[in-house]
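*Asks:* here you go, sequence then predicted model.
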Amino acid sequence: MATWVYDGSFNGFLCLLFESTRAGEPPEAIEHAGSGQPFLWPPKEARTDELLAKQTGDVLRRRLSAPVFTRGYYAFLSALKEREMSVYTYYNLAWTLGKSVDRLLTDPRVLPVHEASRAVLRERHRFLGLLRFTEIGGVLYAPFEPEADLLQLLAGHFSTRLGNEKWIIHDLGRGKAAIYAPRLWRIADFSLPEGIAPSRREEAFRDLWKEYFHSIAVRSRENPRLQRQFMPKKYWKHLPEKEPPAE
Amino acid sequence: MDAAGKLSILAEAAKYDVSCSSSGNGGRRGAVGNTSLGGICHSWSDDGRCISLLKILFSNDCAFDCSYCVNRRSNDVPRASFTPRELADLVIGFYRRNYIEGLFLSSAVVGSPDDTMIQLIRTAKILRDEYRFGGYIHAKAIPGASPRLVTALGFLADRMSVNIELPSEVSLRALAPQKTKESIFRPMSLIGDSIAERKEKRLVSTRSLAPFVPAGQSTQLIVGASPETDLSILSLAGGLYHRFGLKRVYYSAYVPVSANPLLPAITTTPPLLREHRIYQADWLLRFYGFRPDEVLSPEQPNLDESLDPKTSWALRHLDLFPLDINRASYEELLRTPGIGVLSAKRILTARKGRRLDEDDLKKLGVVMKRARYFLACKGFSLPSLDARALRRLLTPPPPPAWKTRQLSLEF
């Protein structure tokens, strides 16, 4: 038993699974490298190697079945506490049981991963609709603050949808962005240069949208609770239609 | 008039149409935009309804005079019309910013039904041909328009709809004198037949053929503007799903927009709870394997407003319960109050792993508040109660006043 550290990426996590198995030292805790966590004993470190990650991923997908492997991946992206250990435990169980691990739906080693993966997909689906782009200098820019690490799950959708545009989807909380120019996207650390403001034309579009949002509501059916149920307040910050009215 | 002015008048005029879904076709892809099979909601308005499409009238300058409609000729409201170009540009502008999933294109009857259809076709053509727009278009067939034009629009749209609005011919004659049952059902069956025919052709053809209304058609019924019972509304809906292959029937609680002796008084509030119960019953028809005559009968032609229709049904069939959760079939599980499609499927998977108990059911998403009275499982079964006692236990506390007020029909 040992504490393992890795770089925080899914590839890094796969390498960690491989290294810890080879070393015969299964993790009892998994931490990010440089998380500032004090350790009692020096932790084991798994180095990230893209090729090793790919091979490990292929082996896991075959042995655990694709749905189980993917579910673990989604849970890995979630905001679940100790998500790495949860996914590790789930994969470990599935290593023996294969895809029938999912029959133990109510088992504490399985249920949290299922729930986390569902939460990630739910949040992804929400943001397919709730992301808002602003055109700045010919680039469509969408800031957002998701709970899960959604960039790689959103980029594919928007690269088919807005395939001829340049766009940036910016996860403000994690300080990184999916950056796209026709046919290619990548994820990189990102912060918006200072002093950039949307143009007047852009303001006009926002105003039209607010006008529409206001007009489409049937006043005699007003139901703010229902509205918040679908569109919780935590998402309002980046929605033009929920901006407080100007002075 | 500027764009904002038109937008506000014409959105205001379109909002009593309920449908806003963008689902049913996952295959379209263009230079700008694509469609997603399950549909995507982009916002939720202050009434809690989802905003997926830019739902707007091309024009509200109507030649017809239907009493229930806010755009009727005799009503004193500001009028506006878009040009096809203006509307198409607006759609693209909104779409690029991810405000919307596409366009819901409808219109009042400007001049003649055919003139109106031509404007709608022009708008859709600019979007599809010039912008190569791959997003969702839901288009209305204008009642009375010629078949050729309905077909032309069908090749540009993902979904089409013709609104029935009034659930019987008698009400239609009284409240919408320029419309006939014929003028509504003719385009509906034309669209239905064309969809079926095209589907078959595409299946056998070696070339790839353009799809016709690939996401199917829908319609809308107004609830509470005329005296029809829930049974006649649901039977009509059942028939539409069955015979015309409709994807959705929408129900809209009537919001009074005019003072007319034939209509509910202008001060009445929309019958939202009744609408809600009808939707629940509609779901029972489409996803839970119920027939209309199981949910309602001539002796009991209206839904019980204090209980959901599935619980009501279960109380009338207590001899079928309690159900052994570890042995019951999928169909039986679906008919149990508190169990939905998802939780029924999860139960089937999870019980392969081990015998389930009460605790497991909660984890699987079963609403035990309702389900507990109808289930038995490992070490758990409630003493059997009679229907009366159960009804008392299951009736939710009275909802806030705005939900319970009902229409009074003035005759």
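*Replies:* Looks like it came in fine. Quick caveat: nothing in here was measured; it's all calculated off a predicted structure.

*Asks:* CA only for contacts and neighbour counts going forward, please
*Replies:* OK.

*Asks:* tell me the pLDDT of A:Thr89.
*Replies:* A:Thr89 is assigned 96 on the pLDDT scale.

*Asks:* wait, isn't it in contact with A:Asp107?
*Replies:* No: taking CA atoms under 8 Å as the definition, A:Thr89 is not a contact partner of A:Asp107, at 11.6 Å.

*Asks:* compare neighbour counts for these two and give me the winner.
*Replies:* A:Thr89 (18 against 15; other CA atoms under 10 Å in any protein chain shown).

*Asks:* pull the contacting residues for that one.
*Replies:* For A:Thr89, the contact set (CA atoms under 8 Å, 6 or more residues apart in numbering or on different chains) comprises A:Arg109.

*Asks:* how distant is the helix or strand it falls within from the center of its chain?
*Replies:* Applying DSSP states H and E as the criterion places A:Thr89 in helix A:83-97. Centroid separation for helix A:83-97 versus its chain: 20 Å, with CA atoms, centre = their mean, to the nearest Å.

*Asks:* swap in stretch B:260-271?
*Replies:* Distance of stretch B:260-271 from its chain centroid, counting by CA atoms, centre = their mean, is 22 Å.

*Asks:* what is the rounded mean pLDDT of that stretch?
*Replies:* The average of the pLDDT scores along stretch B:260-271 is 84.

*Asks:* got it, and stretch B:164-173?
*Replies:* 88.

*Asks:* quick one: end-to-end distance for that stretch.
*Replies:* Start-to-end span of stretch B:164-173 (CA to CA, to the nearest Å) is 12 Å.

*Asks:* one more: stretch B:368-377?
*Replies:* End-to-end span of stretch B:368-377 (CA to CA): 13 Å.

*Asks:* contacts for that stretch?
*Replies:* Against stretch B:368-377 from outside (CA under 8 Å, 6+ apart): B:321-326, B:336-339, B:356-358, B:361-362, B:381-382, B:384, B:390, B:394.

*Asks:* nearest residue to the most centrally placed residue in chain B in space, ignoring adjacent ones along the chain?
*Replies:* In chain B, the residue lying closest to the centroid (CA atoms, centre = their mean) is B:Tyr250, at 2.6 Å. In space, and not counting its chain neighbours, B:Tyr250 is closest to B:Gln220: 4.5 Å by CA to CA, 6 or more residues apart in numbering or on different chains.

*Asks:* cool, B:Asn260 as well?
*Replies:* Closest residue to B:Asn260 apart from its sequence neighbours, by CA to CA, 6+ apart: B:Ser67 at 7.2 Å.

*Asks:* check whether that neighbour really touches B:Ser258, as I assumed.
*Replies:* Yes: judged on CA under 8 Å, B:Ser67 makes contact with B:Ser258 at a distance of 7.1 Å.

*Asks:* those two: which is more packed in?
*Replies:* Applying other CA under 10 Å to B:Ser67 and B:Ser258 shows that B:Ser67 carries more neighbours, namely 21 against 17.

*Asks:* list the contacts of the residue nearest to B:Asn260.
*Replies:* For B:Ser67, the contact set (CA under 8 Å, 6+ apart) comprises B:Leu175, B:Ala176, B:Ser258, B:Asn260.

*Asks:* please apply the same query to B:Pro147.
*Replies:* Applying CA under 8 Å, 6+ apart to B:Pro147 gives the contacts B:Pro187, B:Leu190.

*Asks:* how much space between it and chain A?
*Replies:* Distance of B:Pro147 to chain A, given as CA to the nearest CA, to the nearest Å: 31 Å.

*Asks:* please name every helix or strand in contact with the helix or strand of chain A with the lowest mean pLDDT.
*Replies:* Sorting the helices and strands of chain A by mean pLDDT, DSSP states H and E puts strand A:44-45 at the bottom, at a mean of 88. Using 3 or more CA pairs under 8 Å, 6 or more residues apart in numbering or on different chains; DSSP states H and E, the elements in contact with strand A:44-45 are strand A:2-6.

*Asks:* re earlier: ok, now which ones touch the residue nearest to the centre of chain B?
*Replies:* Applying CA under 8 Å, 6+ apart, the residues near B:Tyr250 are B:Val18, B:Ser19, B:Ser218, B:Thr219, B:Gln220, B:Leu221.

*Asks:* tell me the one of those residues nearest A:Ala178?
*Replies:* Among the contacts of B:Tyr250, B:Ser19 lies closest to A:Ala178 (CA to CA), at 33.5 Å.

*Asks:* the closest one and A:Glu135, how far apart?
*Replies:* Per CA to CA, B:Ser19 is found 30 Å from A:Glu135.

*Asks:* sorry, back to before: what's the ChimeraX line that selects buried ones from the contacts of stretch B:368-377?
*Replies:* Filtering the contacts of stretch B:368-377 down to the buried ones (16 or more other CA atoms under 10 Å in any protein chain shown) takes a single ChimeraX command:
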select /B:321,322,323,324,325,326,336,337,338,339,356,357,358,361,381,394
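
*Asks:* chain A next: which of the contacts of stretch B:368-377 are close?
*Replies:* By CA under 8 Å from any CA of the partner chain, no member of the contacts of stretch B:368-377 lies near chain A.

*Asks:* of the contacts of stretch B:368-377, which belong to helices?
*Replies:* Among the contacts of stretch B:368-377, the ones falling in helices (DSSP state H) are B:Glu358, B:Leu361, B:Lys362, B:Leu390, B:Leu394.

*Asks:* what pLDDT does the model give the last one?
*Replies:* The predicted local distance difference test score for B:Leu394 is 86.

*Asks:* what does the second one give?
*Replies:* Reading off the per-residue confidence, B:Leu361 sits at a pLDDT of 90.

*Asks:* for the helix or strand where the residue nearest to B:Tyr250 lies, which positions count as buried?
*Replies:* In this structure, B:Gln220 is located in strand B:217-223 according to DSSP H and E. Within strand B:217-223, the residues that count as buried by 16+ other CA under 10 Å are B:Gln217, B:Ser218, B:Thr219, B:Gln220, B:Leu221, B:Ile222, B:Val223.

*Asks:* next one: whichever helix or strand comes after that strand to chain centre, how far?
*Replies:* For strand B:217-223, the succeeding helix or strand toward the C-terminus, using DSSP H and E, is helix B:230-243. Centroid separation between helix B:230-243 and its chain, computed with CA atoms, centre = their mean, is 13 Å.
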